[in-house]
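Colleague: build me a model:
(chains A and B)
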Amino acid sequence: MVSKLTDLTISEALDLLNKKEISSVELTKAHLDEMERARFLNAYITETPELALKTAEESDKKRASGATLGRLEGIPIANKDLYCTKGVRTTAASKILSHFVPPYESTVTQQLKDAGTVMLGKVNTDQFAMGGSTMTSYFGVTKNPWADETGAYNLVPGGSSGGSAAAVAAGLCMGATGSDTGGSIRQPASFCGITGIKPTYGRCSRYGIVAFASSLDQAGPMARSVKDCALLLREMAGFDAKDSTVADLPVPDYMQALTGDIKGKKIGIPREYRSKDLNPQVATVWDKGIAYLKDAGAEIVEISMPYTKYALPVYYIVACAEASSNLSRYDGVRYTTRVDGKTLDEMYENTRTDGFGSEVIRRILLGTFVLSAGFYDAYYTRAQKVRRLIYNDFVEAFKSVDAILAPAAPTTALSYEAMKNMSPVDTYLGDVFTTPSSLAGVPSLALPVGLAENGLPVGLQVIGKHFDENTVFQVAQALETAAAFDKKPHYVKG
Amino acid sequence: MSFNEKTIKNIAHLARLRFPEDQEAKFMQDINGILDWVEELKEVDVSQVEPLVSVSPRESAIREDVVTVGGLQAELMANAPESAHGFYVVPKMVE
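Modeller: Next comes the predicted model:
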């Protein structure tokens, strides 16, 4: 036997499966065992071991029979519990959907099934993907598999895709789906020392993903290498008649972008990201990343993106406005939970007040307010106008550079204790470097580049032009090779 | 700030939410904190800027007006908190 099965990357495992050195059942069992050992991390909301083993057995039979195989045949993965999975409970980590069993499958998870993957279960997230820590989950917080300086598991995994990030980092799946509205793939990837990409808005179908903010929500993969993310995204992406915002463009073969050569590529370093919010330990790793790319032959260009500092307030107005509209469907009539009332309105109010957590309620209230008569123009329309200026910042920057390198998050993983005592606005600051690219709709990949002095991983993001995931993967892989980040979380080191 | 007791009652009603007074005060404080923070957007000159509504590259698509999915009544009703004869049941609205 080679190294531990739960330490393999997807591309290594595919190789061993194809050589028949391991079976999908063995690989799946190893992950199910690890999931059981790691229950204290609370990465999964729903485990589906029987379904996983059945799928793995079928996959092994298929391989033995010489039938045509999916490109990810036999690979065990986890799905964020925001993706509707037919016949498997989908909660959005909320009380209001805690018993919801979708009668249909999301397009992205269907495509991953068709590619031969084995679903291990549904992983935790902030409630309705609203948060940066998994602390707003109705099913309890997920623990980061990286321990703090005392060796205790007291750190958040980030969010909202915190269950995905923790599961990938701890070896509880080989890769996972995440979703990113304002940083929900990239910030947890950074906190857990893994890799994740938010592709261009319109690259993946949103059909069957519980909606948060529809002009921003985007599906994406999280895994332990750039190549694995490329392998997963290749299956997740593509046109879908069921989502009118998906681009009708062919999906490039991202594998071909992984040449390792970035000589002559122009990499922009936005000076506005060196703000007061940036922790100096993170800045040090950013400088290292810049040096790695320069040594690999890239040309480093300082750029200015003057509207950067407005991205966060714009994001919270736009996202909450859209959320208040999207979440109006949870009315106690169609989605399993109801709290009775004497009148229809009273039933609505009782159901919604009981079924939503306080962060979700806060965002619905804010969103309803900025869309209400008398305040619409002052808040919502103004935010949409500033959003255009932020978008233009990126269009302008990409006239002179091929990609942008920036920190993914202003800090390393924070402790639950620290986050509990923060005001809502203070917790929102964790998205300061990810919301600009979300508002512009451009692709961005976060990968671990080094450890901070506190021993915790720091991720950087490589941001590219609309629909140019190829350059993002190319630059990210060169950075990955140069950084040679091989540090493992305490949970994995044991 | 414009988010006072009257506003929160009105907004909560619009969103079909209702809370006891102490919670109401907490939400009011939180939202005023957020509204103070977003004030900085007022310093941006947007007089010549069109709102950006969508970054989707695609025009709204038109398709034939035909049923593509159907016959799912039983599956959909399976998630209803209360149903009868294939219909959703809600509290009585008309006396």
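
Colleague: buried ones in the worst-scoring helix or strand of chain B on mean pLDDT?
Modeller: Counting by mean pLDDT, DSSP states H and E, chain B has its least confident helix or strand at helix B:73-77, which shows a mean of 92. In terms of neighbour count (16 or more other Cβ atoms under 10 Å in any protein chain shown), helix B:73-77 has its buried residues at residue B:77. From N, CA and C alone the C-beta is placed, and that goes for glycine too.

Colleague: only alpha carbons, please: show it as CSV.
Modeller: This file holds the C-alpha atoms of helix B:73-77, laid out as CSV (Å, rounded to 0.1, in the frame of the first residue of the first chain):
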residue,chain,number,x,y,z
GLN,B,73,-47.4,16.3,-7.6
ALA,B,74,-46.8,13.5,-5.1
GLU,B,75,-43.1,14.3,-4.8
LEU,B,76,-43.7,18.0,-4.2
MET,B,77,-46.5,17.3,-1.7
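
Colleague: pull the residues that contact the following helix or strand past that helix.
Modeller: Next in sequence after helix B:73-77, counting helices and strands by DSSP states H and E, comes strand B:83-84. Under the criterion Cβ atoms under 8 Å, 6 or more residues apart in numbering or on different chains, residues B:77, B:89 lie in contact with strand B:83-84.

Colleague: if we go to 10 Å?
Modeller: A:333, A:334, B:73, B:76, B:77, B:89 (Cβ atoms under 10 Å, 6 or more residues apart in numbering or on different chains).

Colleague: show me what the least confident helix or strand of chain B is packed up against.
Modeller: strand B:83-84, strand B:87-88 (3 or more Cβ pairs under 10 Å, 6 or more residues apart in numbering or on different chains; DSSP states H and E).

Colleague: quick one: which of the contacts of strand B:83-84 is nearest to residue A:209?
Modeller: Nearest to residue A:209, judged by Cβ to Cβ, of these is residue A:334 at 17.5 Å.

Colleague: please name the residues that touch the closest one.
Modeller: Residue A:334 sits next to A:100, B:76, B:77, B:79, B:80, B:81, B:83, B:88 when contact means Cβ under 10 Å, 6+ apart.

Colleague: export the contacts of strand B:83-84 to a markdown table and tack on distance to residue A:491?
Modeller: Below are those laid out as a markdown table (distance: Cβ to Cβ, whole Å):
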| residue | distance to residue A:491 |
| --- | --- |
| A:333 | 43 |
| A:334 | 40 |
| B:73 | 46 |
| B:76 | 41 |
| B:77 | 43 |
| B:89 | 48 |
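
Colleague: where do the strands of the stretch 1-150 of chain A begin and end?
Modeller: Secondary structure of the stretch 1-150 of chain A (DSSP state E, counting those that start in this stretch): strands located at A:44-47, A:76-80, A:118-123.

Colleague: please report phi then psi for the residue nearest to the spatial centre of chain B.
Modeller: Centroid check for chain B by Cα atoms, centre = their mean gives residue B:15 as the closest residue, at 6.6 Å. Phi and psi for residue B:15, reported as degrees, to the nearest 10, are phi -90, psi 10.

Colleague: I figured it hits residue A:362, correct?
Modeller: No: judged on Cβ atoms under 10 Å, residue B:15 makes no contact with residue A:362 at a distance of 11.1 Å.

Colleague: shared neighbours of the two, anything?
Modeller: Common contact partners of residue B:15 and residue A:362 (Cβ under 10 Å, 6+ apart): residue A:356.

Colleague: before we move on, back to that, excluding chain neighbours, what is closest to the residue nearest to the centre of chain B?
Modeller: Among residues not flanking residue B:15 along the chain, residue A:368 sits closest, at 4.5 Å (Cβ to Cβ, 6 or more residues apart in numbering or on different chains).

Colleague: correct me, but that neighbour touches residue B:27?
Modeller: No: applying Cβ under 10 Å as the test, residue A:368 and residue B:27 come out as separate, 11.8 Å apart.
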